[in-house]
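Undergrad: could you look at this predicted model? Sequence included:
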Amino acid sequence: MTRKILMAALVTAVTAGMVFAGGNQQSGQSSGGAAAPATGGAAAAPASKIIVTFAGTEAASTGQSRMMQEVADKLNASGRFNADVQINGALSGDTDNLVTQAKLGIPLVIPSDPTRLASQFNLSDISILMAPYVLTDPAALDKLSDTALFKEWQTKLEAQGITIVANMYNGFRSFYTATPVNTVADLKGLRIRGFGNATGNALAKYLGFANIGISWGETLPGIQQKTLDGCEVQVATAYGSAIYEVTKYIALTKHYMLQSTFVCSTRLLNSMPEADRAFFLATIREAAQKYGQVVASEEDGYYQQMRDQGVTITEVDLKEFQDAIAPLYTNNDLGFTAGLKDRLFKELGL
């Protein structure tokens, strides 16, 4: 799909959602997962309401999707917002394109992540938040927005038209494969769907697999058709997308501490009355902290459900994988500013 066609499709989809009041998901699912009733005769929302659409690529069952629905419901209950939720790639399966549309002024809130933002906005330092084996404790994110370093990144992003409104823990990513992976050597030559950016390519370089940066929606059919050998992903998304149907092995490498970095356009925030903006930001940030804890508490249950589906889970030697990754930092493949890790850890109190 060309950029112009995608832009037109997004504008049409978001505009269509604007005529409905309340928190219904126009993607055809309610927050409980049931089909949403047709609402073609609903009255138009009052012009004074602030229109916003939360758009993500994950299934309805994940903590990220449930978080967005809860936020939309609270915003709508205030009477000041007309918030809509589009999940499971209903607007687009390409997160970077969704962020681009938000930057251009479409009233979207998008869960991206630090590695995507680093590549998309030429801000390499922010990718340290998800660099392999750097941050390993979700609790560190509770202090992140108060650090001077984060505020510097925020200023640089705002200058390009995008604002981070919250950062949420969204699970550790590991390898899900059609053949067993017990050691680093077992990854050699495998075609793995991963992040199509500098961080994803660096991970592949030092662990020896071929990084295939396709959209998440193409992953299951790719493995099914044997054009892929697996993927690296967090367990809630893997289970929600039924990846267990095509991959029967998980290597618990936990190489990324995934974060959902919720962004919207600076223009959208600045257009809100001060009280509404404060309520909007507080609602999202409180929900992000809550659902980060929910995601952490649910991971073991998802792993058990994967086992119930016949998946073998291997506890790999993490030190072997960490040692294989170490040259990434010695060689500074990600282009970090000198002393960045030490500064981040100091400001986080680690």
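TA: The structure has been received and is ready for your questions. Residues are numbered from 1 along each chain as shown.
Undergrad: which of the three states applies to the residue nearest to T53 when sequence neighbours are not counted?
TA: Leaving aside its sequence neighbours, T53 sits nearest to D84 (Cβ to Cβ, 6 or more residues apart in numbering; 4.5 Å). Just so you know, the C-beta spots here come from the backbone N, C-alpha and C atoms, and that holds for glycine as well. Secondary structure for D84, judged by DSSP: H, G, I helix; E, B strand; the rest coil, is strand.
Undergrad: counting neighbours, what do you get for D84?
TA: D84 has 28 neighbours, counted by other Cβ atoms under 10 Å.
Undergrad: surely it meets A72?
TA: Yes. Contact criterion Cβ atoms under 8 Å: D84 and A72 qualify, at 6.8 Å.
Undergrad: helices of the stretch 201-350 of the chain, start to end?
TA: Using DSSP state H, counting those that start in this stretch, the helices of the stretch 201-350 of the chain run over 219-224, 235-240, 266-271, 274-308, 318-330, 340-348.
Undergrad: I126 should be in a helix, yeah?
TA: Yes. The assignment for I126, made by three-state DSSP, places it in a helix.
Undergrad: let the chain start at 32 from now.
TA: Yes, from this point I'll number from 32; that puts the last item at I157.
Undergrad: you'd agree it is up against W184?
TA: Yes. Using Cβ under 8 Å, I157 is in contact with W184, at 5.0 Å.
Undergrad: who has more neighbours, the two?
TA: Using other Cβ under 10 Å, the more surrounded residue of I157 and W184 is I157, with 25 against 20.
Undergrad: the more buried one: what's it in contact with?
TA: Applying Cβ atoms under 8 Å, 6 or more residues apart in numbering, we find I157 in contact with P145, L148, A149, W184.
Undergrad: which of the residues you listed lies closest to R298?
TA: Distance to R298 across these (Cβ to Cβ) is lowest for L148, with 17.4 Å.
Undergrad: follow-up on the earlier one: so of the contacts of I157, which ones are in helices?
TA: Among the contacts of I157, DSSP state H puts P145, L148, A149, W184 in helices.
Undergrad: in TSV, list the residues you listed along with distance to Q340 and pLDDT.
TA: Shown next, in TSV, are those (distance: Cβ to Cβ, whole Å; pLDDT from 0 to 100):
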residue	distance to Q340	pLDDT
P145	31	96
L148	33	96
A149	34	96
W184	39	97
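Undergrad: Y322: which of those residues is nearest?
TA: Each of these was checked against Y322 using Cβ to Cβ; the closest is P145, at 17.6 Å.
Undergrad: how many neighbours does the closest one have?
TA: Residues near P145, counting by other Cβ under 10 Å, number 25.
Undergrad: nearest the geometric middle of this protein, what residue?
TA: Central residue of the chain (Cα atoms, centre = their mean): S291, 4.0 Å from the mean position.
Undergrad: which residue is the nearest non-sequential neighbour of that residue?
TA: Closest residue in space to S291, ignoring its immediate chain neighbours: P142 at 4.0 Å, by Cβ to Cβ, 6+ apart.
Undergrad: how about that neighbour, phi and psi?
TA: phi -80, psi 100 (degrees, to the nearest 10).
Undergrad: ok, what's across the strand from it?
TA: Beta-bridge partners for P142, by DSSP bridges, are F293.
Undergrad: surely it is in contact with T93?
TA: No. Counting by Cβ under 8 Å, T93 is not a contact partner of P142; they are 10.1 Å apart.
Undergrad: re the thing from before, so which of the helices of the stretch 232-381 of the chain gets nearest T178?
TA: When the helices of the stretch 232-381 of the chain are ranked by proximity to T178 (Cβ to Cβ), helix 371-379 comes first, at 3.9 Å.
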